[in-house]
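sequence below, structure please.
(chains A and B)
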Amino acid sequence: MKKVTTGFIGRHLLLISFLLFTAYPLLWMTLTALRSEGDAQQRPLGLPAQWTIDNLREVFASGNFLQAWQNSLLLCSVAVLLAIATAALAAFAFAQFRFRGSNVLFLLFLLGMMIPVHVTLIPLNQLLGADALNLKGGLGALIGPYAGFALPVSILILRRAFEAIPQELLDAGALDGCSQWQSFWHIGLPLARPALSTVLIFNFLTMWNEYAFALTLLGPGCQTVPLAITEFKGEHDLRITSVCAALLLVLIPLILVYLFAQKQIIRGLTAGSIK
Amino acid sequence: MNISSQSIRQGRFRFSDVCLFLAPAMLLYAVFVLTPVGKSIQNSFLYWSSPLLEPEFCGLRNFRELFGDPVFWLALRNNFFLLLGSLLVQLPIALGIALLLHYPTWGQTFFRAAFFTPMIIPTAAIAALWQYLYEPQNGACTALIRLFRADFTYAWLATPGTSLLWIFVTICWQYIGFHTVLFMAGLSTIPEELYEAARLDGASELQICRRIILPCLKPTLAVSATLSVIGSLKYFDLVYLMGGGLPETSREVLATYVYRLAFDENQGRYGYGSAVAVLLFLLALLIVIPLQLRKPDRN
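You can find the predicted model right below:
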């Protein structure tokens, strides 16, 4: 047993005070969602005078968010799958083939991590607009930019995973007459599964939260979750309790997923950034 | 063995395979990332007299205008404020928390998961929530201070000069847990024997921290710093979202300025906006490339 020293207590006090900083805004939001509007205006702190779930029911009934959830899920799934499929192929080539210009090409992909997405907003707006691809306004407009910007990190992580595959395995496959495609499909992909899940989580959450592209390229009537949140806040700005109820409804599923897959999510998000 | 395996692979290697594997990613990347960047550079030399008309070539006019534009300099200054803030405030706090959690702690996993939570919340939701916390009349921040000073009222986000500071507090709220987790991962790679040896030699905790932990943590620190630098240069979300729609230039950063020039208020200043965007990109390259180039010799 560890002895409980003053240092031990002090450490926990510091940690708890930072926990308050992190948790209080979320707690405040939850409590506000569960009180009446007049109560929220008069006593913003403390527990509700009268607990109520009317706000939640009201937001839920309005149905704005259901559509946005569907849109976001569909969009992010398609874009993540596209990004992972193309990135895995390219990463396998970078890891296993020696060809002229491979380093230059790889660096070109890495460069993408440094490109602020806002540099591409104006040209993409033109490219996807009515004069060219005519995808602007719908979910289809976001798939390309999301997948394209997900490539650099994904290729970097997956290349490292493919490089870690023991050479003997691939040689054995080659001796048995595996084509490059077969060794990618039957040896490479199964062995890179941890890296694939990292890439999946990292990209999914990044796209899920993405705001600038969605704001520019989506039209009215077609929203992702972040856009729906901002719009709802804009329309109900003076009803704090309604907006907090909406936020709570958006966050509950996320927090639930986080509770169950906490380890994988933390690993996915940090590994995605460390590269 | 090695030589023969090489030859097997070389023998089986066909150029068409390379194309097959690389083409989809190349296509996607070229259409949606590289071409737009090139187009942006081209746009920065053009002038649109109206968003609907054909642009005309105007040479360096956009860039010349840029250097005399006070909003551009203000935005640049604000970006550097965020950059310094994240390096000098965010990272040290995150490091401190990671060190606290590195010692035997009750509920270490719980604290780690709790501190990380803001990272999974959409930034749009964070912005909405914190705008209410900063509400001048009955937001939680105001109400907390009113517990001590009854007549306190303060327009947190609408006071020029300080509004960016409060947005920065929110940015810290979002990202400190993330950097904490990065640092914890770095700390866990330091072998236990190093501490034991140091303790046997009678080193104090402070000495262990300075002589063992910090040097071993250098690679992680470099990663965190690089991420913070890139992140604060291209920062957009909270600054734009917490603006409340007001054309408030005092907290403008480069990315929000690009957006506002091109898309807000029907300005449609594509050429000028592109010039700002190109400078933003060059700045990112200029700062990040030296940081990235230093990495290989460290490994």
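
low-confidence regions, the chain specifically.
If you meant another chain, say so; for now it's chain A. The model of chain A has pLDDT under 70 over residues A:1-4, A:272-275.

I was after chain B.
For chain B (pLDDT under 70), the answer is B:1-14, B:244-248, B:265-267, B:292-299.

name the residue closest to the centre of it, please.
residue B:231 (1.3 Å; Cα atoms, centre = their mean).

just confirm yes or no for the host helix or strand of it near chain A.
Using DSSP states H and E, residue B:231 sits within helix B:218-233. Yes. Contact of helix B:218-233 with chain A (Cβ under 8 Å from any Cβ of the partner chain) involves B:223, B:227, B:230, B:233. In this view, the C-beta of every residue, glycine as well, is placed from N, C-alpha and C.

among those, which one has the most neighbours?
The most crowded member of the residues of helix B:218-233 next to chain A, judged by other Cβ atoms under 10 Å in any protein chain shown, is residue B:233 (24 neighbours).

against residue B:89, how distant is that one?
17 Å (Cβ to Cβ, to the nearest Å).

and chain A, what are its domain boundaries?
A:6-56, A:62-274 (automatic domain parsing).

what's near enough to touch the residue lying closest to residue A:223 once chain neighbours are set aside?
Distances taken as Cβ to Cβ, 6 or more residues apart in numbering or on different chains place residue A:68 nearest to residue A:223, at 4.9 Å, with adjacent residues excluded. Applying Cβ atoms under 8 Å, 6 or more residues apart in numbering or on different chains to residue A:68 gives the contacts A:223, A:224, A:225, A:227, A:228.

the same query, at a cut-off of 6 Å, please.
Listed by Cβ atoms under 6 Å, 6 or more residues apart in numbering or on different chains, the contact partners of residue A:68 are A:223, A:225, A:228.

name the nearest of those residues relative to residue A:5.
residue A:225 (46.6 Å; Cβ to Cβ).

I figured that closest one hits residue A:71, correct?
No. Under the criterion of Cβ atoms under 6 Å, residue A:225 is not in contact with residue A:71, lying 7.8 Å apart.

how about the secondary structure of the residue of the stretch 51-200 of chain B found nearest chain A?
Evaluated by Cβ to the nearest Cβ, the stretch 51-200 of chain B has residue B:124 as its residue closest to chain A, separated by 3.7 Å. Judged by DSSP: H, G, I helix; E, B strand; the rest coil, the three-state class of residue B:124 is helix.

what's the burial count for the nearest residue to it once chain neighbours are set aside?
Nearest residue to residue B:124, sequence neighbours excluded (Cβ to Cβ, 6+ apart): residue A:226, at 3.7 Å. By other Cβ under 10 Å, 26 other residues sit near residue A:226.

again, but for residue A:132
Neighbours around residue A:132, by other Cβ under 10 Å: 10.

which helix or strand contains it?
In this assignment (DSSP H and E), residue A:132 forms part of neither any helix nor any strand.

next up, the contacts around it.
Counting by Cβ under 6 Å, 6+ apart, residue A:132 has no contacts.

how close does it sit to chain B?
11 Å (Cβ to the nearest Cβ, to the nearest Å).

quick check: phi and psi at that residue.
phi -120, psi -100 (degrees, to the nearest 10).

grab the nearest non-local neighbour of the closest residue to chain A within the stretch 1-150 of chain B.
Nearest residue of the stretch 1-150 of chain B to chain A: residue B:32, at 3.2 Å (Cβ to the nearest Cβ). Leaving out its chain neighbours, the residue that sits closest to residue B:32 by Cβ to Cβ, 6+ apart is residue A:148, at 3.2 Å.

mind listing what the one you found touches?
B:28, B:29, B:32, B:33.

return the most buried member of the domains of chain A.
Mean neighbour count (mean count of other Cβ atoms under 10 Å in any protein chain shown) peaks for domain A:62-274 among these, with a mean of 19.

so residue B:190 sits against residue B:215, correct?
No. Residue B:190 lies out of contact with residue B:215 (Cβ under 6 Å); the separation is 9.6 Å.

those two: which has the busier surroundings?
In terms of neighbours (other Cβ under 10 Å), residue B:190 is the more surrounded of residue B:190 and residue B:215; the figures are 15 against 9.

and the residue of the stretch 151-275 of chain A closest to chain B?
For the stretch 151-275 of chain A, Cβ to the nearest Cβ, closest residue to chain B: residue A:226, 3.7 Å.

name the secondary structure element that contains that residue.
helix A:225-235.

give the next helix or strand downstream of that helix.
Helix A:225-235 is succeeded, C-terminally, by helix A:240-260 (DSSP H and E).

that following helix to helix A:225-235, inter-axis angle?
Comparing the axes of helix A:240-260 and helix A:225-235 via axes from the mean of the first three to the mean of the last three Cα atoms, to 10 degrees yields an angle of 160 degrees.

close to chain B, is helix A:240-260?
Yes. Helix A:240-260 is in contact with chain B by Cβ under 6 Å from any Cβ of the partner chain, via A:240, A:247, A:250, A:254, A:258.
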